[in-house]
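1. Below are the sequence and a predicted model; questions follow.
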Amino acid sequence: MPCRSALRAKRQGLRIAVAVAVGLTLGVANGEVVPFLGPMFAAQLLFVSPRPLGARQGIGLIVLILVVGEALVWLTGVFGDRPAALLILLGLIYFACFLLQARGKGGAAPFLIIVIAVMVPMLGILQKDLGESIILILFKGALGGVVLTWLAHAVFLDPGGEAPQRPAAPSLDRAVHRALANTAILLVMVVLCLVDSRFSTAIVVPITVASLLNQLGLATSGRAAFGLMIVNLLGGIVASLAFAVVELRPTLPFLFLTVLIVALLFGGRAAADPKAGRVYAGALTTFLILFGLGVSPLPASTPDSFATRIGLVLFAIVCTFCLTALLWAAPPTKGRDRSLAD
(Lines give C-alpha, C1' and ligand atoms only; values in the text may rest on other atoms or scores of the structure.)
Protein backbone atom coordinates (compact mmCIF):
# COMPACT_ATOMS: atom_id res chain seq x y z
CA MET A 1 0.00 0.00 0.00
CA PRO A 2 2.73 2.57 0.84
CA CYS A 3 4.40 1.85 -2.54
CA ARG A 4 1.11 2.33 -4.36
CA SER A 5 0.44 5.55 -2.46
CA ALA A 6 3.90 6.90 -3.35
CA LEU A 7 3.42 5.88 -6.99
CA ARG A 8 0.03 7.61 -7.10
CA ALA A 9 1.53 10.81 -5.65
CA LYS A 10 4.40 10.70 -8.16
CA ARG A 11 2.04 10.27 -11.11
CA GLN A 12 -0.22 13.00 -9.82
CA GLY A 13 2.72 15.37 -9.61
CA LEU A 14 3.66 14.46 -13.18
CA ARG A 15 0.08 15.07 -14.33
CA ILE A 16 0.04 18.54 -12.79
CA ALA A 17 3.46 19.47 -14.20
CA VAL A 18 2.82 18.21 -17.73
CA ALA A 19 -0.71 19.70 -17.90
CA VAL A 20 0.56 23.10 -16.77
CA ALA A 21 3.61 23.10 -19.06
CA VAL A 22 1.71 21.90 -22.14
CA GLY A 23 -1.23 24.24 -21.50
CA LEU A 24 0.88 27.37 -21.00
CA THR A 25 3.11 26.59 -23.98
CA LEU A 26 0.12 26.05 -26.27
CA GLY A 27 -1.50 29.23 -24.96
CA VAL A 28 1.60 31.27 -25.78
CA ALA A 29 1.99 29.60 -29.17
CA ASN A 30 -1.64 30.40 -30.07
CA GLY A 31 -1.32 34.00 -28.86
CA GLU A 32 -3.97 33.63 -26.16
CA VAL A 33 -4.77 36.84 -24.30
CA VAL A 34 -4.72 35.04 -20.93
CA PRO A 35 -2.47 32.00 -21.56
CA PHE A 36 -2.35 30.98 -17.90
CA LEU A 37 -6.12 30.50 -17.52
CA GLY A 38 -6.43 26.96 -18.93
CA PRO A 39 -3.34 25.62 -17.09
CA MET A 40 -4.51 27.23 -13.86
CA PHE A 41 -7.95 25.61 -14.19
CA ALA A 42 -6.29 22.26 -14.95
CA ALA A 43 -3.96 22.55 -11.94
CA GLN A 44 -6.86 23.32 -9.59
CA LEU A 45 -8.87 20.35 -10.87
CA LEU A 46 -5.90 18.02 -10.49
CA PHE A 47 -5.11 19.32 -7.00
CA VAL A 48 -8.63 18.55 -5.82
CA SER A 49 -8.75 14.88 -6.83
CA PRO A 50 -6.37 12.22 -8.17
CA ARG A 51 -9.28 10.77 -10.14
CA PRO A 52 -10.18 12.09 -13.61
CA LEU A 53 -13.38 14.04 -14.18
CA GLY A 54 -16.18 12.11 -15.83
CA ALA A 55 -17.50 13.38 -19.16
CA ARG A 56 -20.65 14.70 -17.48
CA GLN A 57 -18.62 16.43 -14.75
CA GLY A 58 -16.26 18.02 -17.27
CA ILE A 59 -19.06 19.32 -19.47
CA GLY A 60 -20.97 20.50 -16.41
CA LEU A 61 -17.94 22.43 -15.16
CA ILE A 62 -17.43 24.11 -18.54
CA VAL A 63 -21.11 25.07 -18.66
CA LEU A 64 -20.96 26.39 -15.08
CA ILE A 65 -17.93 28.57 -15.86
CA LEU A 66 -19.57 29.93 -19.01
CA VAL A 67 -22.87 30.65 -17.24
CA VAL A 68 -21.09 32.41 -14.38
CA GLY A 69 -18.89 34.31 -16.83
CA GLU A 70 -21.85 35.40 -18.96
CA ALA A 71 -23.74 36.53 -15.86
CA LEU A 72 -20.75 38.53 -14.64
CA VAL A 73 -20.21 40.14 -18.04
CA TRP A 74 -23.87 41.20 -18.01
CA LEU A 75 -23.64 42.48 -14.42
CA THR A 76 -20.46 44.42 -15.22
CA GLY A 77 -22.10 45.97 -18.28
CA VAL A 78 -25.28 46.93 -16.41
CA PHE A 79 -23.75 48.06 -13.12
CA GLY A 80 -20.31 49.19 -14.32
CA ASP A 81 -21.27 52.83 -13.79
CA ARG A 82 -22.87 52.00 -10.42
CA PRO A 83 -19.92 50.59 -8.48
CA ALA A 84 -21.75 50.25 -5.16
CA ALA A 85 -24.36 47.93 -6.65
CA LEU A 86 -21.73 45.95 -8.56
CA LEU A 87 -19.63 45.46 -5.43
CA ILE A 88 -22.65 44.24 -3.45
CA LEU A 89 -23.39 41.64 -6.12
CA LEU A 90 -19.74 40.58 -6.29
CA GLY A 91 -19.71 40.34 -2.52
CA LEU A 92 -22.66 37.93 -2.56
CA ILE A 93 -20.86 35.73 -5.11
CA TYR A 94 -17.62 35.77 -3.11
CA PHE A 95 -19.46 34.97 0.12
CA ALA A 96 -21.25 31.96 -1.39
CA CYS A 97 -17.97 30.59 -2.77
CA PHE A 98 -15.99 31.19 0.42
CA LEU A 99 -18.75 29.52 2.43
CA LEU A 100 -18.57 26.43 0.23
CA GLN A 101 -14.78 26.40 0.61
CA ALA A 102 -14.99 26.72 4.39
CA ARG A 103 -17.42 23.79 4.53
CA GLY A 104 -15.22 21.69 2.29
CA LYS A 105 -17.80 21.50 -0.50
CA GLY A 106 -17.77 22.16 -4.23
CA GLY A 107 -14.27 20.87 -5.01
CA ALA A 108 -12.38 23.26 -7.27
CA ALA A 109 -15.53 25.06 -8.47
CA PRO A 110 -15.70 27.75 -5.72
CA PHE A 111 -12.14 28.91 -6.28
CA LEU A 112 -12.57 28.91 -10.06
CA ILE A 113 -15.76 30.98 -9.75
CA ILE A 114 -13.96 33.45 -7.47
CA VAL A 115 -11.18 33.80 -10.07
CA ILE A 116 -13.78 34.45 -12.77
CA ALA A 117 -15.63 36.93 -10.53
CA VAL A 118 -12.34 38.80 -10.09
CA MET A 119 -11.16 38.66 -13.69
CA VAL A 120 -14.38 39.58 -15.49
CA PRO A 121 -15.03 42.93 -13.73
CA MET A 122 -11.37 43.94 -13.84
CA LEU A 123 -10.89 43.01 -17.50
CA GLY A 124 -14.29 44.42 -18.45
CA ILE A 125 -13.71 47.77 -16.75
CA LEU A 126 -9.94 48.27 -16.99
CA GLN A 127 -8.98 46.34 -20.13
CA LYS A 128 -11.50 47.20 -22.83
CA ASP A 129 -9.15 46.46 -25.75
CA LEU A 130 -8.63 42.73 -25.23
CA GLY A 131 -9.12 41.85 -28.88
CA GLU A 132 -11.70 39.14 -28.13
CA SER A 133 -14.68 38.72 -25.83
CA ILE A 134 -14.24 37.75 -22.19
CA ILE A 135 -16.68 34.86 -22.68
CA LEU A 136 -14.51 33.43 -25.46
CA ILE A 137 -11.46 33.75 -23.20
CA LEU A 138 -13.29 31.90 -20.41
CA PHE A 139 -14.55 29.22 -22.79
CA LYS A 140 -11.03 28.53 -24.08
CA GLY A 141 -9.70 28.45 -20.52
CA ALA A 142 -12.42 26.14 -19.20
CA LEU A 143 -12.29 23.78 -22.17
CA GLY A 144 -8.50 23.77 -22.15
CA GLY A 145 -8.36 23.07 -18.41
CA VAL A 146 -10.73 20.08 -18.61
CA VAL A 147 -9.07 18.62 -21.72
CA LEU A 148 -5.62 19.00 -20.13
CA THR A 149 -6.73 16.99 -17.09
CA TRP A 150 -8.12 14.23 -19.30
CA LEU A 151 -4.91 14.08 -21.35
CA ALA A 152 -2.77 14.05 -18.20
CA HIS A 153 -4.74 11.11 -16.80
CA ALA A 154 -4.54 9.31 -20.15
CA VAL A 155 -0.73 9.63 -20.22
CA PHE A 156 -0.13 8.89 -16.50
CA LEU A 157 -2.62 6.20 -15.49
CA ASP A 158 -3.80 6.03 -11.89
CA PRO A 159 -2.51 2.90 -10.10
CA GLY A 160 -5.62 2.88 -7.89
CA GLY A 161 -5.74 2.68 -4.13
CA GLU A 162 -7.26 4.88 -1.48
CA ALA A 163 -6.80 8.64 -1.89
CA PRO A 164 -5.33 10.72 1.00
CA GLN A 165 -7.80 12.27 3.42
CA ARG A 166 -8.48 15.97 3.07
CA PRO A 167 -8.31 18.33 6.07
CA ALA A 168 -11.54 18.49 8.04
CA ALA A 169 -13.84 21.42 7.28
CA PRO A 170 -14.47 24.06 9.97
CA SER A 171 -17.68 24.09 12.01
CA LEU A 172 -20.74 25.84 10.57
CA ASP A 173 -20.59 28.96 12.76
CA ARG A 174 -16.90 29.52 12.11
CA ALA A 175 -17.41 28.83 8.43
CA VAL A 176 -19.98 31.62 8.13
CA HIS A 177 -17.81 34.04 10.08
CA ARG A 178 -14.76 33.08 8.00
CA ALA A 179 -16.67 33.48 4.73
CA LEU A 180 -17.86 36.97 5.72
CA ALA A 181 -14.33 38.03 6.68
CA ASN A 182 -12.84 36.61 3.47
CA THR A 183 -15.47 38.40 1.39
CA ALA A 184 -14.64 41.72 3.02
CA ILE A 185 -10.89 41.21 2.47
CA LEU A 186 -11.25 40.29 -1.20
CA LEU A 187 -13.66 43.16 -1.89
CA VAL A 188 -11.16 45.62 -0.40
CA MET A 189 -8.49 44.35 -2.80
CA VAL A 190 -10.81 44.47 -5.81
CA VAL A 191 -11.88 48.03 -4.97
CA LEU A 192 -8.25 49.07 -4.60
CA CYS A 193 -7.42 47.72 -8.06
CA LEU A 194 -10.44 49.42 -9.62
CA VAL A 195 -9.90 52.88 -8.13
CA ASP A 196 -6.10 53.20 -7.92
CA SER A 197 -4.35 53.60 -11.29
CA ARG A 198 -1.19 52.02 -9.86
CA PHE A 199 -3.10 48.72 -9.58
CA SER A 200 -5.03 48.97 -12.85
CA THR A 201 -3.10 46.03 -14.39
CA ALA A 202 -2.59 44.19 -11.07
CA ILE A 203 -5.00 41.32 -11.56
CA VAL A 204 -2.44 39.24 -9.68
CA VAL A 205 -3.29 41.05 -6.42
CA PRO A 206 -6.92 39.93 -5.86
CA ILE A 207 -6.27 36.42 -7.28
CA THR A 208 -3.28 36.01 -4.96
CA VAL A 209 -5.46 37.18 -2.07
CA ALA A 210 -8.20 34.67 -3.00
CA SER A 211 -5.62 31.87 -3.20
CA LEU A 212 -4.11 32.83 0.17
CA LEU A 213 -7.51 32.93 1.84
CA ASN A 214 -8.15 29.42 0.55
CA GLN A 215 -4.84 28.23 2.02
CA LEU A 216 -4.89 30.02 5.38
CA GLY A 217 -7.61 27.71 6.70
CA LEU A 218 -4.89 25.05 7.03
CA ALA A 219 -2.57 27.23 9.13
CA THR A 220 -2.86 26.11 12.76
CA SER A 221 -0.18 28.43 14.16
CA GLY A 222 1.63 31.66 13.48
CA ARG A 223 4.67 29.68 12.37
CA ALA A 224 2.60 27.73 9.83
CA ALA A 225 1.06 30.96 8.54
CA PHE A 226 4.51 32.52 8.13
CA GLY A 227 5.69 29.44 6.23
CA LEU A 228 2.66 29.76 3.96
CA MET A 229 3.55 33.38 3.28
CA ILE A 230 7.14 32.44 2.38
CA VAL A 231 6.05 29.64 0.03
CA ASN A 232 3.68 31.96 -1.85
CA LEU A 233 6.30 34.67 -2.12
CA LEU A 234 8.65 31.99 -3.41
CA GLY A 235 6.17 31.33 -6.22
CA GLY A 236 6.49 34.97 -7.28
CA ILE A 237 10.28 34.97 -7.04
CA VAL A 238 10.52 31.76 -9.08
CA ALA A 239 8.23 33.32 -11.70
CA SER A 240 10.58 36.29 -11.96
CA LEU A 241 13.63 34.06 -12.35
CA ALA A 242 11.87 31.82 -14.87
CA PHE A 243 10.81 34.81 -16.95
CA ALA A 244 14.38 36.15 -16.97
CA VAL A 245 15.66 32.74 -18.09
CA VAL A 246 13.07 32.45 -20.88
CA GLU A 247 13.89 35.96 -22.11
CA LEU A 248 17.46 34.81 -22.73
CA ARG A 249 16.18 32.10 -25.08
CA PRO A 250 12.58 32.90 -26.09
CA THR A 251 11.65 29.66 -27.83
CA LEU A 252 8.64 27.43 -27.20
CA PRO A 253 10.68 24.29 -26.30
CA PHE A 254 12.69 26.28 -23.75
CA LEU A 255 9.49 27.82 -22.38
CA PHE A 256 7.97 24.35 -22.01
CA LEU A 257 11.04 22.99 -20.23
CA THR A 258 11.22 25.95 -17.83
CA VAL A 259 7.55 25.74 -16.86
CA LEU A 260 7.77 21.94 -16.53
CA ILE A 261 10.66 22.17 -14.04
CA VAL A 262 8.84 24.75 -11.90
CA ALA A 263 5.56 22.83 -12.07
CA LEU A 264 7.35 19.65 -10.98
CA LEU A 265 8.79 21.56 -8.02
CA PHE A 266 5.45 22.88 -6.74
CA GLY A 267 3.07 20.31 -8.20
CA GLY A 268 5.18 17.39 -7.02
CA ARG A 269 5.22 18.73 -3.45
CA ALA A 270 1.49 19.36 -3.57
CA ALA A 271 0.77 15.79 -4.71
CA ALA A 272 3.18 14.22 -2.20
CA ASP A 273 1.81 16.02 0.88
CA PRO A 274 -2.03 16.16 1.00
CA LYS A 275 -2.02 18.41 4.11
CA ALA A 276 0.26 21.07 2.61
CA GLY A 277 -0.96 20.51 -0.94
CA ARG A 278 -3.15 23.59 -0.96
CA VAL A 279 -0.17 25.74 -0.02
CA TYR A 280 1.99 24.54 -2.90
CA ALA A 281 -1.03 24.77 -5.19
CA GLY A 282 -1.25 28.43 -4.22
CA ALA A 283 2.44 28.94 -4.95
CA LEU A 284 1.98 27.36 -8.38
CA THR A 285 -1.07 29.58 -8.97
CA THR A 286 1.01 32.67 -8.12
CA PHE A 287 3.75 31.48 -10.47
CA LEU A 288 1.30 30.83 -13.32
CA ILE A 289 -0.37 34.24 -13.03
CA LEU A 290 2.88 36.21 -12.82
CA PHE A 291 4.71 34.25 -15.48
CA GLY A 292 1.60 34.10 -17.68
CA LEU A 293 1.15 37.86 -17.48
CA GLY A 294 4.78 38.28 -18.48
CA VAL A 295 4.29 36.33 -21.72
CA SER A 296 0.73 37.54 -22.31
CA PRO A 297 -0.23 40.10 -24.99
CA LEU A 298 -2.45 41.85 -22.42
CA PRO A 299 -1.91 45.63 -22.53
CA ALA A 300 0.43 46.75 -19.76
CA SER A 301 2.01 50.00 -18.71
CA THR A 302 5.74 50.55 -19.09
CA PRO A 303 6.56 50.37 -15.37
CA ASP A 304 4.60 47.11 -15.11
CA SER A 305 7.83 45.12 -14.79
CA PHE A 306 8.44 41.85 -13.02
CA ALA A 307 10.03 43.69 -10.11
CA THR A 308 6.81 45.67 -9.78
CA ARG A 309 4.73 42.50 -9.91
CA ILE A 310 6.81 40.80 -7.22
CA GLY A 311 6.19 43.88 -5.10
CA LEU A 312 2.46 43.52 -5.79
CA VAL A 313 2.53 39.87 -4.71
CA LEU A 314 4.31 40.85 -1.49
CA PHE A 315 1.76 43.62 -0.99
CA ALA A 316 -1.10 41.13 -1.47
CA ILE A 317 0.47 38.67 0.99
CA VAL A 318 1.11 41.28 3.70
CA CYS A 319 -2.38 42.80 3.35
CA THR A 320 -4.02 39.39 3.50
CA PHE A 321 -2.18 38.37 6.65
CA CYS A 322 -2.86 41.69 8.38
CA LEU A 323 -6.56 41.68 7.49
CA THR A 324 -7.08 38.02 8.42
CA ALA A 325 -5.41 38.64 11.78
CA LEU A 326 -7.89 41.48 12.31
CA LEU A 327 -11.07 39.92 10.93
CA TRP A 328 -10.67 36.20 11.58
CA ALA A 329 -10.71 36.58 15.35
CA ALA A 330 -13.59 34.46 16.63
CA PRO A 331 -16.40 36.55 18.16
CA PRO A 332 -16.82 36.09 21.93
CA THR A 333 -19.40 33.50 22.94
CA LYS A 334 -22.22 34.19 25.37
CA GLY A 335 -20.56 32.05 27.98
CA ARG A 336 -17.34 33.99 27.65
CA ASP A 337 -19.23 37.29 27.88
CA ARG A 338 -21.01 36.11 31.02
CA SER A 339 -17.76 35.07 32.67
CA LEU A 340 -16.21 38.45 31.87
CA ALA A 341 -19.23 40.20 33.33
CA ASP A 342 -18.92 38.19 36.54
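-> Received it, and whenever you're ready, just let me know what you need.

2. rest of the way, CA atoms for contacts and neighbours
-> Will do.

3. and the helix or strand that contains Leu255, what does it pack onto?
-> Using DSSP states H and E, Leu255 sits in helix 252-272. When contacts are defined as 3 or more CA pairs under 8 Å, 6 or more residues apart in numbering; DSSP states H and E, helix 252-272 packs onto helix 2-29, helix 222-248, helix 277-294.

4. closest one to Gly77 among those helices?
-> helix 277-294 (24.6 Å; CA to CA).

5. For the closest one, which helices and strands make contact with it?
-> helix 37-48, helix 204-216, helix 222-248, helix 252-272, helix 306-327.

6. So, low pLDDT: which residues of the chain?
-> 1-4, 126-132, 159-173, 197-202, 217-224, 274-276, 297-307, 329-342 (pLDDT under 70).

7. sorry, back to before: would you format the helices and strands packed on helix 252-272 as CSV with mean neighbour count and distance to Arg56 included?
-> Compiled in CSV, these are given as follows (neighbours: other CA atoms under 10 Å; distance: least, CA to CA, whole Å):
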stretch, mean neighbour count, distance to Arg56
helix 2-29, 22, 21
helix 222-248, 18, 34
helix 277-294, 26, 25
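
8. Save those as CSV, and put in distance to Ala175 too.
-> Formatted as CSV, the helices and strands packed on helix 252-272 follow (distance: least, CA to CA, whole Å):
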stretch, distance to Ala175
helix 2-29, 29
helix 222-248, 19
helix 277-294, 18
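
9. nearest to Ala142, of those?
-> Here helix 2-29 is closest among these (CA to CA), at 11.6 Å.

10. could you check the angle helix 252-272 makes with that closest one?
-> 150 degrees (axes from the mean of the first three to the mean of the last three CA atoms, to 10 degrees).

11. Which strands and helices lie in contact with helix 2-29?
-> Looks like helix 2-29 contacts helix 37-48, helix 134-155, helix 252-272 (3+ CA pairs under 8 Å, 6+ apart).

12. and the ones you listed, which is most packed in?
-> Across the helices and strands packed on helix 2-29, averaging neighbours per residue (mean count of other CA atoms under 10 Å) puts helix 37-48 on top, at a mean of 26.

13. can you pull the contacts of the residue nearest to Ala184 when sequence neighbours are not counted?
-> Closest residue in space to Ala184, ignoring its immediate chain neighbours: Gly91 at 7.6 Å, by CA to CA, 6 or more residues apart in numbering. Residues in contact with Gly91, defined by CA atoms under 8 Å, 6 or more residues apart in numbering, are Thr183, Ala184, Leu187.

14. Kindly report the same for Ala17.
-> Ala17 makes contacts with Val259, Leu260, Ile261, Val262, Ala263, Leu264, Gly267, Gly268, as judged by CA under 8 Å, 6+ apart.

15. Help me confirm that the first one comes into contact with Ile16.
-> Yep, that's Val259 we're talking about. No: Val259 lies out of contact with Ile16 (CA atoms under 8 Å); the separation is 11.2 Å.

16. By neighbour count, which of the contacts of Gly91 wins?
-> Thr183 (23 neighbours; other CA atoms under 10 Å).

17. can you tell me the helix or strand for that one?
-> Here Thr183 is assigned to helix 172-195, by DSSP H and E.

18. now the angle from that helix to helix 204-216?
-> 170 degrees.

19. Can you spell out which helices and strands pack onto helix 172-195?
-> Using 3+ CA pairs under 8 Å, 6+ apart: helix 172-195 touches helix 83-102, helix 109-126, helix 204-216, helix 306-327.

20. chain center to the third one, what's the gap?
-> What it means is helix 204-216. Averaging C-alpha positions (CA atoms, centre = their mean, to the nearest Å) puts helix 204-216 7 Å from its chain's average.

21. residues in contact with it?
-> Counting by CA under 8 Å, 6+ apart, 101, 111, 114-115, 118, 182, 186, 189-190, 225, 228, 278-279, 282, 285-286, 289-290, 309, 312-313, 315-317, 320 sit against helix 204-216.
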